[in-house]
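S.K.: predicted coordinates and the sequence they were generated for:
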Amino acid sequence: MHEGSADKVNMAFVAAIVAVATIGGFMFGYDSGVINGTQEGLEHAFNLSKLGTGFNVGAILIGCAVGAFLAGRLADLIGRRTVMMIAALLFVASALAAGAATSSLLFILARLIGGLGVGAASVLSPVYISEVTPAAIRGRLSSIQQIMIITGLTGAFVANYVLANSAGGSMAPLWMDLPAWRWMFWMQVIPAGIYFVALLFIPESPRYLMVRGREADARKVLTRLFGPMEADRKVTEINATLAADHHRPKFSDLIDKTNGKVRPIVWTGIGLAMFQQLVGINIVFYYGAVLWQSVGFSENDALLINILSGSLSILACVATVFLIDKIGRKPLLLTGSAGMTVTLALVAICFSTGSFVNGSLRLSDQMGMIALIAANLYVIFFNLSWGPVMWVMLGEMFPNQIRGSGLAIAGFAQWMANFLISLSFPALAAGIGLPVTYGFYALAAFLSFFFVRKMVHETKGRELEDMVG
């Protein structure tokens, strides 16, 4: 809100709709993290090779890439809230089908369906939040999305741990004499159902309504959010940004009409999206249990380490909520890049000291502890910076006319990078080894520092109508 406005933000209403929108982040995290702890069951049930395991784990990410790409465009056509409701139904269908899968093919198809929902939620939750919150606090409210993603991941880790512990192992029978790993997927139906019902009670994005020519509806939502005076000012500002080029958003808007080249802001979005994955964060979340078992921890301890990593991630994201609107997005990204470079390099060095016992890498007690501490510090640096800040920036950095299309392209790039990293990890770890694999992630973190310095411009405190690119 601008200085001198007589209206007050309806924070109770803002908080309520942000809370509902961020359930999409929870589902994003839960559906992504539920696979961690089920790999042994999948390998046994479907007789998978290492590459096969990578594809079953990574299959969801192809769906995520497609879902993110389609959601950005669909959101411009049928609305942000409507697409999020479709995503909630996809979560339910995927959870039921994945748990019941009798073959690798059926499991992959189920995870692809879930991926469509995850991809849609990943791009639409932050953009929806950015479009209904005041500029002065937009960063911290958007950052809650990442807290919910990590909460979803941690929730999946906790559920998997409890189910495996109750059954006596992830492959041991639980209820109805079915293995625990199947129930790990079916548990997701509960939060997915809550997400769908909650979405029925929040309004459509006012900026979407304005783009679609529904000014009266947009004014009603803005008035309830910010009061009548601020609503009038917002309507005028949004109309001004659309007046010069008022047409339905399309992908060709991403091309600068003066020189025929892709707009620089689009390349910045793609770079942010890809670097967030190239630093290897989802190896910790998708393969954490397998990774820690491979260097000498028991299955039980490995699952507990997952919960520790998730809890530290949440605390780091909470810190970001308090920092992002004070010190800005760019300083947090730079700090994260530097911290991840050092900690990833340390993990790689620790793994290089290990020796192979019965085909598995084993670290000394001292090096194992150093690797564990460094890995968790890495998780903290990521979730203090690139985890939440990338999604905040993608939700706010694009001008109104290209926000949906820009998110579609950046979201697709993010999930394809995620897929390539996740698919390649088992084969890389077995082929060239963990030290070189983690060395690559450290190099990506190092390069991300210079990318941010050159390409990223601060968006702290700027109105969405003032974004250019």
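M.R.: Thanks, I have the structure now.

S.K.: quick one: contacts for the residue nearest the centre of the chain?
M.R.: Residue closest to the average C-alpha location in the chain (CA atoms, centre = their mean): Ser122, at 5.4 Å. Contacts for Ser122 were tallied using CB atoms under 8 Å, 6 or more residues apart in numbering; they are Gly24, Phe28, Cys64, Gly67, Ala68, Trp391, Gly411, Gln414, Trp415. Glycine gets a C-beta too; all of them are placed from N, C-alpha and C.

S.K.: can you give me the buried ones in the helix or strand containing it?
M.R.: Taking DSSP states H and E as the criterion, Ser122 maps to helix 104-132. For helix 104-132, the neighbour count (16 or more other CB atoms under 10 Å) marks 104, 107-132 as buried.

S.K.: now swap in stretch 205-215 and tell me
M.R.: Neighbour-count burial for stretch 205-215 flags Ser205, Pro206, Arg207, Tyr208, Leu209, Met210, Val211, Arg212, Arg214 (criterion: 16+ other CB under 10 Å).

S.K.: backbone torsions only: list them for Gly79.
M.R.: Main-chain dihedrals, Gly79, degrees, to the nearest 10: phi 110, psi 150.

S.K.: for the nearest residue to it once chain neighbours are set aside, which three-state class applies?
M.R.: The shortest distance from Gly79 to any non-neighbouring residue, by CB to CB, 6 or more residues apart in numbering, is to Glu204 (5.0 Å). Under DSSP: H, G, I helix; E, B strand; the rest coil, the three-state class of Glu204 is coil.

S.K.: ok, now which ones touch Ser311?
M.R.: By CB under 8 Å, 6+ apart, Ser311 lies in contact with Thr154.

S.K.: that one and Thr236, how far apart?
M.R.: Going from Ser311 to Thr236 by CB to CB, to the nearest Å gives 46 Å.

S.K.: do the same with Tyr195
M.R.: 34 Å.

S.K.: more neighbours: which of those two?
M.R.: Neighbours per residue (other CB atoms under 10 Å) separate Tyr195 from Thr236, with Tyr195 holding more: 25 against 10.

S.K.: next SSE after the helix or strand containing that one?
M.R.: Element membership of Tyr195 [criterion: DSSP H and E] is helix 189-199. Next helix or strand after helix 189-199 toward the C-terminus (DSSP H and E): helix 206-211.

S.K.: now that next one, how far from the centre of its chain.
M.R.: Chain-centre distance of helix 206-211: 25 Å, with CA atoms, centre = their mean, to the nearest Å.

S.K.: hey, C-alpha coordinates of it in PDB?
M.R.: C-alpha atoms of helix 206-211 as PDB (Å, rounded to 0.1, in the frame of the first residue of the first chain):
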ATOM      1  CA  PRO A 206      -8.200  -9.700  -8.500                       C
ATOM      2  CA  ARG A 207      -5.400  -9.200 -11.000                       C
ATOM      3  CA  TYR A 208      -6.700 -12.200 -13.000                       C
ATOM      4  CA  LEU A 209     -10.200 -10.800 -12.900                       C
ATOM      5  CA  MET A 210      -8.900  -7.400 -14.200                       C
ATOM      6  CA  VAL A 211      -7.000  -9.100 -17.100                       C
END
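
S.K.: kind regards, and thank you for your time.
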